[in-house]
Structure formats: structure tokens, C-alpha cells
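> below is the sequence, then the predicted model.
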There are 2 protein chains.
Amino acid sequence: MITGKNYIGNSLSANGNTTYKTFNPKTNTENEHIYTEATSEEILMAVDLASEAFNTYRTISGVKKATFLNTIADEILALDDTLIQTYMSESGLPEGRAKGERGRTIGQLRTFAKLLEEGSWVEARIDPAQPNREPNPRVDLRKMLVPIGPIVVFGASNFPLAFSTAGGDTASALASGCPVIVKSHPMHAGTGELVASAIAKAAQKTGMPNGVFSNLNSSGIEVGQELVSHQKIKGVGFTGSIRGGRALLDLAAKRKEPIPVFAEMGSINPVVLLPKALETKGKSWAKTYASSITLGTGQFCTNPGLILGIKSDALTKFIETVSAEIIQIKPQCMLHPNIHKAYTTNKSIVRSQKNVKTVANIESAVADNYAQQAVASVDGKTFLQNSSLHEEVFGPFSLVVQCENSDELEEIIANLEGQLTGTIISEENEVATYQHIVNALSQRVGRILFNGVPTGVEVAPAMLHGGPYPASTDSRFTAVGRDAIKRWVRPFSYQDWPNELLPDELKNENPLQIIRLVNNQETKEAL
Amino acid sequence: MITGKNYIGNSLSANGNTTYKTFNPKTNTENEHIYTEATSEEILMAVDLASEAFNTYRTISGVKKATFLNTIADEILALDDTLIQTYMSESGLPEGRAKGERGRTIGQLRTFAKLLEEGSWVEARIDPAQPNREPNPRVDLRKMLVPIGPIVVFGASNFPLAFSTAGGDTASALASGCPVIVKSHPMHAGTGELVASAIAKAAQKTGMPNGVFSNLNSSGIEVGQELVSHQKIKGVGFTGSIRGGRALLDLAAKRKEPIPVFAEMGSINPVVLLPKALETKGKSWAKTYASSITLGTGQFCTNPGLILGIKSDALTKFIETVSAEIIQIKPQCMLHPNIHKAYTTNKSIVRSQKNVKTVANIESAVADNYAQQAVASVDGKTFLQNSSLHEEVFGPFSLVVQCENSDELEEIIANLEGQLTGTIISEENEVATYQHIVNALSQRVGRILFNGVPTGVEVAPAMLHGGPYPASTDSRFTAVGRDAIKRWVRPFSYQDWPNELLPDELKNENPLQIIRLVNNQETKEAL
């Protein structure tokens, strides 16, 4: 049941005066529930509770934390159709997507639960004492990863479940042993509260300390700012715009104790069409890309917003086909009037730039908040000179750049900002002769694809979702997959510590049977 | 041979007009050689060369990079007595220390070489395609760690070899595949140039690209600032003061593309004396600590600057003994007149604070630049209220805090800034009844010790040298041990990439025979 209140730990609270509603973009009307923004006092209460909870939660065993995560997954499933309907009414996204995203969210929670049950993720290293070493004896040293403290997670507009309340940031932070305070996304406050209720229920059922999780409503930027500035907060997860992410990064950098901010931000996900591939399979790729550009109304961070090729008849043909295909696709609803408005504005800005030619645009009227997908084209020289063309147009839009030659193509790639993904479309063996292009692209992206589409981010150990700035604020970490847990931990060493007082992960007898690096060799053996 | 010039890649260059000399603190005279500070043009040349070198160096095999590192070690040894004498004349440190630190430097280089030869450090993860998975097929994903780009390393005043030109930061960055530009420390410019010559020679002998290493002279802060601000620089390693480290962190945070700064800064390394241990072994610990406080003239970042105990006769006795012992120790020379001056000033500031009692201080005259070691004492309440007492006095000094009770002790620990180390001195089983103290201390430090001294940082896989801010700017990484390489890398994913074009680490056949995570299971097997 939606109450519109904040979860301060396990308690519902609504002491503030600022209220707001969510919006159904499909019906173009407000939804019924009223949400009360968290007050400064409520923020402080949540932070203090999280800080206290950390003292206990950080020492809870991996197996117990795994039960907590699995129970969250169960409780989310138990919300059943209430959750799906609320999700749809707050995002305009279809039921299939809602259920798919719920599946992904559940899957992430269970993946981290498995990681905790197995236990080796803590990177235990043991260098036993060598009392007889010359000239100095060696002390006993043991190291493992430990949680850094309370984390603030900002819900993402485009993933009300998988990158929000119980999404990847929350799941990985809770798995690491860090309490989480979610700054709920105002566009899907109801979905957020429902999921928060599932987490609170799971925390109580599995005996987790009160304050291990809180969910704060917020319609503006102040709640988030107060949270990130608080000295007891030790890390931040964010998915959203470059402006929002950078503002948080700057805020965190100015603190007396700076803290890490993992912001996964904008990306135009360049796609390079090599000449032979264009000649032989240009038509088929054009169809594939018309579909990828419009998938989820173009509202994926891996949406292919930039397509690069070398001027040729085949490229002209590709542009014609992608244009013809994309206008055949039925326009879809966007997440929110604000997002729709930004799309329309940003698309117009690009289309109005000098030398930019609109090659496809849905001109016929569409319902309110529905996006008119478009494709534009420009020459390489103009693209190089006009950096406004490098900016993301969030929505179903892509810009095709026609380069003079492969040198210009390489120069363009080398001058791109950091990106989540880069894709090479190539005939077999063709890419081998474009190694300089691959090298340049590799240095600008977090994930490189061969003959595919960047949309679709598999949750798997080998996934890297992140990339050089501004794709993310820290290219050294991923937001998706098991390694996302590494964002919330620090290594910690024990020197000559009594065996019985060590955490189980580091005890001589290896009671958890985890893989450890002992004397620089991986082993599951006891000492 | 010392020329006083900068190494821009493999070329010597001295186009500037700003010159300076190093200083021998023992003889209290300037050394003979004249060093020429790098100009802005020379800085740009070094950065451009490094950036170009990165294109090649990042793809060089681990085995070849290992040969490079081992050759650097050989060339440093070949400098023989010239290096040792220069080191001593620029630091005032004795021959034994010079040779010991050289051994540590060589050891670090060879340790990283071994890590590269074995190869598993890249954390290869492979999730093979599942073309028949329902509802969607799974793509093939492969991930490994890759270098981030040119790194700037700032030499440390207190470790002219092990934390400077070819020290841990340089060794780990070169091992990761990142070119390095060293901002040479002005106090030991000669030692720096000699080591730089060894690296340049090794780079040429082993066919590394020109620009993989540069060494820039600098007497002020401008060269470092220009380097850190340059867009082609992708990371920074620093060992030194909080003020210096924070300035670099802020500079890097303000860049259009913020970059990671790993600054290992100040620490007072709290030592907790538990009551029973004081009673039974107080005298012996007092002797041990008098020695630890003065080791290397107190110029170690892990120097025990803060000793905490609960008021008792045994604590009073400890203070008496540590005082009596420390004034027996022969005063030693400090690194530089500036460091000596700062020590004297900071020591006076602490001694002049209200309620602070000097319990030991060498009052007799000493030679220029020699430190008069001291111990002071204060009550817990005063310490809590006066944060100036929490600041590091770099040199042979320690403050003993007499707490009212264990609650006050815990409060003091909880209110400390982040520290490199924390030590518990305890009788067997005693510590088990002080778990709240251990918990509080664990959250403030990077390494916790049982019955030992924090000085002495073993180079081992299980070492964590770092800690919560301001001990270091990023508690999630270590500056010592094999994991130091993780500071300079980012994960990178390949999706559906042709096997023959993948790096060896990710090829089906596992030609390097490294440990990989395949389908979430560790294995050395081929696919």
C-alpha cells in the first residue's frame, strides 16, 4: 500500500510540508497519491540510524546478508500486480518492460546473494609470519575487503526498478555491508515506496539492524545535497544526467572528507560502420539500428546516438534505409513530460546546426509525451568543429557522421568524450585492417562491441557498465555485474592479530572455505 | 653521472632559467650540482611523449614489461656507490638505511615483474555466449583490467628511493601499462636523476617506447600543478603532506575530466595501551616505543604520534619510562632544514597548548638539523576539545593521552581523523573485552596491529598502506604491495569480439595460462 511517506529505517514518517504527485505520461494526468518530501530532521534521522546500523551490519556474515537480499527479492515479487501497475502508471512503459525490469532487479539481488554465500569476493590475502627471516622477521599480515559506510543511492528516471530503490547500486551496497539511504526519484515515488516497503519488510524478517535501509521522498535537489554533504555518508551512487552527476561529484569533492561518487551519466555510444560491412550488409544493419535507436523510446543510456562511417554510396544507402525504417516504427511514450520536452528541445538544437541535415523525422502529430523519432546526418569536419553535436539527445535520435576518410574517422573518435560503449560493424577480417580505429575507440569507451547493438546490458561478471568521464565519474568501476560491489569497499589489514579474533574470512582454518591468496598462491586450504 | 637536466623521455633537456641545488643536512651545506627546473614547453613535451608512448606501451605483453622492470632494478644496482653517496648527501640518512631502501625499491620492481610474468592480476572474466538462452540469447562478454593512461608521480621527501623516482607508485604504474612522468623532489634531485637515468637506460635496452618515462626537475609547486592539470594526464600518485595532497586532489577534481589522485598523507598512528598489558609489560613496551618514535628520526608516515591509555599508576609509570628511555637515544639528523624547522615549530605549538605537559625533551644543544626528540602528555578531555592536538608533528615526537575511562577512550578514537594504522597493546585475551575499542579503531584506520609497532611497512600482498581520509585520499587502494597496481587500471569489456583479435588474456585457448573467471568459476582451463 502506498502511503506517500518516507521510510526512516523501518518507520514511516511524513513531517514535512512539501508534497508532490507522480505523473502518468500515457494518460497525461497526475497519479492519485501524494508524497511528502523528507525534512532536514528526517534526513538526519535516517543518516544517524544508518550510521548506527553500520556498526552492526558491517559484521553480519555473508550468509545472513544473502538471506536478506533473497528476502528482498521475494518481497518484491510478493508486491505482484500492484507494483507492475504502479510502475506502468509512473513511467508510461509497457507491462512487458515492467516485468522484464522486475526480473532483472530480482536477478541482481539473487546474484549478489550467491556471491555472498560463496564468499571469496572479499579478496582475502594472507602472508603468514616468518619469525626466522633475515635480516628482519616478517610479521603476520592478513587483508580483506570491508564496507566503507552508509551509502546514498539516487534513483534513475529511466529504470524505476533495476537502477533505483532496490536496483544495482542498492543491491551491491547492501551486499558489501553498507547501509543504504535512497533518494527516491520523484517521477516514480510510488514504485519507490512499494519497493522500499519490501526492503523494510525483508530487513525486519531477517533481523537486520533498523536503519540498514531508508527511503526519502524528494521533489527537488535539496534532499540529495544534504545527504551527500553529511559527514556520516561515505559514498554515492547515481544514474542520470551529466549535469546532475557532476554537481554531486563537485559537492562530494568539496567535503572536508571527500567521498567517492559513482555517477553513471550520459553517453552517445558511437557505432563505427566499416566500408565492406556497409557494402555487403548495410541494409540489414540499417534495420537493426532503426530498432535499437527506438528501443524503449530511446531512453537507454546505451542508446546508439552517433553512427560513424566513411562517405560512400553504401553509407548513403544506409542512411536512406535507416531513415525509411525508423519512420515505420510506431512512436512511443516517453517517461515524463519534462523528459519529452528536453528531447524535443535537444533534437531541435542538433537539427538546427549548420550543415546538419535531418534525414528522418516523424512529422505527423502524436499523443502528448510521445516521441517523434528522428535521424540526422552531418559531415565529419562539421562534427569535429561543433562540440554541441557531441552531446546526448536523450530519446530516439541518432546522428550519422559521414567522414572524408579513415584518418578523419580516427580523429573524430579520438576527440570524443568518454563513452559507455563503442561498436564496430565489420565484415569478417575487415576490422583487422582498422586496428588504429579500434585502438582509438578502446581508449574512449568502457565496452567495445563487434557486430551488435549497444542497447541491452547483460548482467554478468564480464560486463563493464561505465567508462571514461563523462560516461561515468570513475572509469575504474562498473555499475552492473558482480564487480559493482567493489565500489563500496576498502581493503583492511590485520597485523599479528589473534586468530580467534579475526573475521572468519581470515582465520587459519578457513571456515568459510573461500579462495584466498596465501603466500601469493590462490588456495582454499587451511593454514 | 649527474647533469642537473630533465629527462624528457630518453633525452636530457635543460631549457629553463630557474635553477637550484640540493642540501646536505648533516654538513649543513649545499651540494655541488645545479638542477634546472623544467619549463612549460618541456612539461608539454614530456606529456605529449607519454601520451604517444601509451598507444604502444598499453599493448606490450606482461612478460616484456616484466623485463623492463627487472632491467630498471639491475640498472639501479649498477649505479652502486654513486647512488648511495648521493642519497646520503641529500637526505642525511645513514648508509644502512640507504642500502635498505635501495633493496626495498629493487624488491618492489621485481615483485611487480613477477606479477606480470604470472599474469592473472588482470582479473580476466569470461561469460561465453549462450545463443539458445530464453527469452533472449546471451552475448559473449570478456573483461580485463587495462591501464588508464599517463600518470604523474610526485617523489616523497622521506623516501628518496622507495617512494620516489622508481618507487612503489612508478613501479606499479609502469607495471599496469601506464607511462610515468615523475615530478622530482627538490630535496633529492640528484638521487632522482640517477634513478631516472637507470629507468631511461632500461627503457632503451628493452625496447620500450620513448616517453614511457620522464623525470622533471622542480623546486616549487608550478611544475606539479601544470602536470596535474593537463588533459592527457590520467592519474596522480603523491606521498607527502595533507596540504600538498589535498591541493592536488582539489586541482584534479576541478578538471573538465576529473582524474584519480592517490595521495598518501599525514597520520598520527594511534596506539592503544590496554590496562593489563600496561601493568604486566608496561616497561618493556615503553622501551619499544621510545625506539619506534625515534626510528629514522621519526620521519616515517607510520610513526606512532599518539599513545592512548586509561589513567592509572601503570600509565604514569609507562610515561616515566618512555621519557627516561627516549632521552637516552642519540639525536639524529633530519632530512632538510625546512623539515627540521617545521618539526621544531609544530612540536612547540603542541607543547604550548593548555594542559599539555612535556614529559621528555632533549634540552641540550644539538648540531644543525638534528632533532631534539620529545614526548608530551595530556588528559583525554583536553585532547577531545583541542583538535590542534590531533595534527601530525612530523619527526620524533609522540603525545600520550590519559583518558578518564574506556568510554572516553572510545570517544577519542571515534573522533580521530582517518589514520594509516592503529595499534592495540594487550595481554592475551584482554582485547576480547575491548571489542568496542577495536571496532571504533577499525573504522578509523587502514591497518590494525596487535602488540607491535606501526613503523615498518612490509611489502607483501596482504599489506594495506593507506586509510580513511586524510591518511590517504582514497581508502579503497593501497600504496604498498601488489594491489597498488589497481590504482592505475580500469576494467574493459569486449562483447562478441573475434577470438583472434582479443588480447591473449581473454583468448579461448588461454595462451598465458592465467587464472580466469569463466562462467563465474575460477579456472586456468581453455574454453
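Perfect, thanks for sending it.

> just checking, what packs against the longest helix along chain A?
In chain A, assigned by DSSP state H, the helix with the most residues is helix A:62-91. Helices and strands touching helix A:62-91, by 3 or more Cβ pairs under 8 Å, 6 or more residues apart in numbering or on different chains; DSSP states H and E, are strand A:23-24, helix A:95-118, helix A:168-176, helix A:189-205. Yep, even glycine has a C-beta here, placed from its N, CA and C like the rest.

> mind redoing it with 7 Å?
Under the contact definition 3 or more Cβ pairs under 7 Å, 6 or more residues apart in numbering or on different chains; DSSP states H and E, helix A:62-91 sits against helix A:95-118, helix A:168-176, helix A:189-205.

> for chain B, find the nearest of these.
helix A:95-118 (8.4 Å; Cβ to the nearest Cβ).

> give me the contacts around the helix or strand just after the closest one.
Counting by DSSP states H and E, the next helix or strand C-terminal to helix A:95-118 is strand A:125-127. Identification of contacts with strand A:125-127 by Cβ atoms under 7 Å, 6 or more residues apart in numbering or on different chains yields A:141-143, A:506, A:516-519, A:527, B:460-462.

> give the contact list for the residue in the stretch 151-300 of chain A that chain B sits nearest to.
Using Cβ to the nearest Cβ, the closest approach of the stretch 151-300 of chain A to chain B is made by A:Ala253 at 3.8 Å. Residues in contact with A:Ala253, defined by Cβ under 7 Å, 6+ apart, are B:Ala253.

> strands of the stretch 151-300 of chain A, start to end?
All strands of the stretch 151-300 of chain A, identified by DSSP state E, counting those that start in this stretch, fall at A:151-154, A:180-183, A:213-216, A:235-239, A:261-264, A:270-273.

> before we move on, what about the stretch 301-450 of chain A?
Counting by DSSP E, counting those that start in this stretch, the stretch 301-450 of chain A has strands at residues A:306-310, A:357-361, A:374-379, A:397-403, A:419-425, A:445-450.

> please, where are all the helices along the stretch 351-500 of chain A?
Counting by DSSP state H, counting those that start in this stretch, the stretch 351-500 of chain A has helices at residues A:380-385, A:406-414, A:435-442.

> out of the ones you listed, which gets nearest to chain B?
Of the helices of the stretch 351-500 of chain A, nearest to chain B by Cβ to the nearest Cβ is helix A:435-442, at 6.5 Å.

> what's in contact with that closest one?
The contact list for helix A:435-442, computed with Cβ under 7 Å, 6+ apart, reads A:272, A:406, A:409-410, A:413-414, A:422, A:424, A:431, A:448, B:55.

> which of those count as buried?
Among the contacts of helix A:435-442, those classed as buried by 16 or more other Cβ atoms under 10 Å in any protein chain shown are A:272, A:406, A:409-410, A:413, A:422, A:424, A:431, A:448.

> contacts with chain B among those, please.
With Cβ under 7 Å from any Cβ of the partner chain as the criterion, the subset of the buried ones among the contacts of helix A:435-442 in contact with chain B comprises A:431, A:448.

> which single one of the buried ones among the contacts of helix A:435-442 is nearest to A:Gly298?
Using Cβ to Cβ, A:Gly422 is the member of the buried ones among the contacts of helix A:435-442 that sits closest to A:Gly298, with 18.2 Å.

> shouldn't that closest one be in contact with A:Thr302?
No - A:Gly422 sits out of contact with A:Thr302 when judged by Cβ atoms under 7 Å, with a separation of 10.7 Å.

> per-residue confidence for the closest residue to A:Thr239 other than its chain neighbours?
In space, and not counting its chain neighbours, A:Thr239 is closest to A:Ala156: 3.7 Å by Cβ to Cβ, 6 or more residues apart in numbering or on different chains. You'll see A:Ala156 listed with a pLDDT of 94.

> wait, A:Ala156 sits on A:Ser164?
Yes - here A:Ala156 lies in contact with A:Ser164, judged by Cβ under 7 Å, at a distance of 5.7 Å.

> need the residues touching each of these two.
In contact with both A:Ala156 and A:Ser164: A:His185, using Cβ under 7 Å, 6+ apart.

> more neighbours, these two?
Higher neighbour count among A:Ala156 and A:Ser164: A:Ser164, with 28 against 23, using other Cβ atoms under 10 Å in any protein chain shown.

> ok so, going back, out of the contacts of helix A:435-442, who's nearest B:Glu32?
Looking across the contacts of helix A:435-442 and measuring by Cβ to Cβ, the closest to B:Glu32 is B:Asn55, at 40.2 Å.

> could you list the buried residues of the one helix or strand that closest one maps to?
Assigned by DSSP H and E, B:Asn55 belongs to helix B:40-57. Going by neighbour count (16+ other Cβ under 10 Å), the buried part of helix B:40-57 is B:42-43, B:45-54, B:57.

> turn those residues into JSON lines, including pLDDT and distance to B:Met187.
Below are these laid out as JSON lines (pLDDT from 0 to 100; distance: Cβ to Cβ, whole Å):
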{"residue": "B:Glu42", "pLDDT": "98", "distance to B:Met187": "21"}
{"residue": "B:Ile43", "pLDDT": "98", "distance to B:Met187": "20"}
{"residue": "B:Met45", "pLDDT": "98", "distance to B:Met187": "25"}
{"residue": "B:Ala46", "pLDDT": "98", "distance to B:Met187": "21"}
{"residue": "B:Val47", "pLDDT": "98", "distance to B:Met187": "24"}
{"residue": "B:Asp48", "pLDDT": "98", "distance to B:Met187": "28"}
{"residue": "B:Leu49", "pLDDT": "98", "distance to B:Met187": "26"}
{"residue": "B:Ala50", "pLDDT": "98", "distance to B:Met187": "24"}
{"residue": "B:Ser51", "pLDDT": "97", "distance to B:Met187": "29"}
{"residue": "B:Glu52", "pLDDT": "97", "distance to B:Met187": "31"}
{"residue": "B:Ala53", "pLDDT": "98", "distance to B:Met187": "28"}
{"residue": "B:Phe54", "pLDDT": "98", "distance to B:Met187": "30"}
{"residue": "B:Tyr57", "pLDDT": "98", "distance to B:Met187": "30"}
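
> ok, A:Val236 - contacts?
By Cβ under 7 Å, 6+ apart, the residues touching A:Val236 are A:151-152, A:228, A:248, A:252, A:259, A:261-262.

> cross the contacts of strand A:125-127 against strands and list the overlap.
Those of these mapping onto strands are A:141-143, A:516-518, per DSSP state E.

> report the angle between the helix holding B:Asn55 and helix A:435-442.
Relative orientation of helix B:40-57 and helix A:435-442, computed by axes from the mean of the first three to the mean of the last three Cα atoms, to 10 degrees: 110 degrees.

> elements contacting helix B:40-57?
Using 3+ Cβ pairs under 7 Å, 6+ apart: helix B:40-57 touches strand B:6-8, strand B:180-183, strand B:213-216, helix B:222-229.

> out of the buried residues of helix B:40-57, which comes closest to chain A?
Nearest to chain A, judged by Cβ to the nearest Cβ, of the buried residues of helix B:40-57 is B:Phe54 at 8.4 Å.
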